[in-house]
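Asker: Fold the following and give me the result.
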Amino acid sequence: MTNHEVARCPACDSANPAHAAFCANCGKPMGSGAAAAPSEMDAGSVGAAENTGTMGYVVAAVAVAAVLIVGGALFLLGDADDSDETAVTAPPASEPDPTSPTTPVTVPAVSVPAVTAPLTEVPTTPVPAATTVPPPTAAPTTVAPPPTPTVAPQTLPRATAPPAPAPAPEPTPPPPPGATLSFAEAESFFRNYIATAEDGDYNGAWSLLSSSDRADYPNGFDQFVGFWRSVSFAEVQRVESVGGSAGFQSLAVDMAYGQVDGDPTSFEVVEVDVNVRPDGSLQIFDYRYIRNQ
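Answerer: Numbers count the residues shown, from 1 in each chain. Model (predicted):
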């Protein structure tokens with residue numbers, strides 16, 4: 001067989017070696033309907049056709065290899081966990097004719113390493129041990145000692161002298177022979193006594209009292225003075241006779257007293273006995289409180 005022994009592909013009309021089983025251009029089987037070899041006069045056109053067929057074979061092989069590489073990469077990315085390493089190998093090309101002057105192109109197998117994501121260890125935080133709280137300790141109970149009873153010192157009462165008995169009222173001295181005392185004289189004398197004490201002549205007023213009347217003031221003259229100093233005014237409002245005899249008159253008197261400390265005025269009814277002393281002077285023999293008005 002010479003270089004001019006070629007066959008035409010019944011599918012694409014490409015020139016192939018006379019004994020080729022598949023078309024180098026389209027990969028279709030040559031079959032029995034391949035075109036007959038050209039004559040010697042068409043040798044030039046046959047040579048051009050052979051060059052064109054060779055170029056088509058190379059382009060087809062490269063295109064197949066590219067498709068296989070891309071498909072294998074997509075397959076590996078989708079099933080990376082199924083295997084550690086997958087080899088993508090292109091299927092063998094059409095069996096070349098050993099008598100063909102064209103050298104077949106062999107596509108090397110492409111190996112894509114499996115992508116394995118590194119495992120990252122999650123740090124664990126140690127759980128602290130449970131803290132044991134000791135039970136509260138009860139405060140010690142302090143029992144206070146019983147209080148020591150306090151014994152009050154015994155005080156013996158002091159001996160006191162019994163109060164002096166009040167002097168007995170002085171009996172009414174008998175008037176001098178022939179002495180007389182009218183109601184008007186006794187009333188005038190009593191009004192003069194009140195005016196003397198109200199004016200502050202305490203000694204003069206004290207001298208107009210009999211010894212029995214002075215005995216009504218246990219503290220004597222000082223108590224008498226204290227009473228009259230507490231009085232802002234004293235007024236004789238009414239005087240009546242309630243009995244009399246020679247040298248003696250008993251009077252019923254309505255009195256009004258004002259107080260220095262501002263207390264309300266008090267109204268009293270008193271009885272006053274006026275008599276004649278042996279020397280002929282008059283005195284208030286007794287002064288008795290009867291009631292308030």
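
Asker: Please count neighbours and contacts with C-alpha atoms only from this point.
Answerer: Fine.

Asker: Show me this protein divided up by domain.
Answerer: Under the assignment automatic domain parsing, the domains of the chain span 6-113, 183-292.

Asker: what's the least confident stretch among those domains?
Answerer: Sorting the domains of the chain by mean pLDDT places domain 6-113 lowest, at a mean of 60.

Asker: What segments of the stretch 151-293 of the chain are strands?
Answerer: Using DSSP state E, counting those that start in this stretch, the strands of the stretch 151-293 of the chain run over residues 231-245, 248-259, 266-276, 282-292.

Asker: Count the residues that sit near residue 275.
Answerer: Neighbours of residue 275 under the rule other CA atoms under 10 Å: 27.

Asker: any idea how far residue 260 is from it?
Answerer: Taking CA to CA, to the nearest Å as the measure, residue 275 and residue 260 are separated by 32 Å.

Asker: Kindly report the same for residue 71.
Answerer: 135 Å.

Asker: just residue 246 next, same as before
Answerer: Residue 246 is 40 Å from residue 260, by CA to CA.

Asker: what number of residues lie near the nearest residue to residue 251 once chain neighbours are set aside?
Answerer: Of all residues not flanking residue 251 in the chain, residue 241 sits nearest, at 4.6 Å (CA to CA, 6 or more residues apart in numbering). The number of residues packed near residue 241 is 17, by other CA under 10 Å.

Asker: what's the answer for residue 17, then?
Answerer: Neighbours of residue 17 (other CA under 10 Å): 28.

Asker: Is residue 186 in contact with residue 249, as I believe?
Answerer: Yes: counting by CA atoms under 8 Å, residue 186 touches residue 249, with 6.4 Å between them.

Asker: list the residues that contact both of the two?
Answerer: By the contact definition CA atoms under 8 Å, 6 or more residues apart in numbering, residue 186 and residue 249 are jointly contacted by 274, 275.

Asker: if we can go back for a sec, out of the strands of the stretch 151-293 of the chain, which comes closest to residue 28?
Answerer: Smallest distance to residue 28 across those (CA to CA): 158.0 Å, for strand 248-259.

Asker: Pull out the buried positions in that closest one.
Answerer: By neighbour count on 16 or more other CA atoms under 10 Å, the buried set for strand 248-259 is 248, 249, 250, 251, 252, 253, 254, 255, 256, 257, 258, 259.

Asker: mind listing what it pairs with, with the direction of each?
Answerer: In the sheet, strand 248-259 lines up against strand 231-245 (antiparallel), strand 266-276 (antiparallel) (DSSP bridges).
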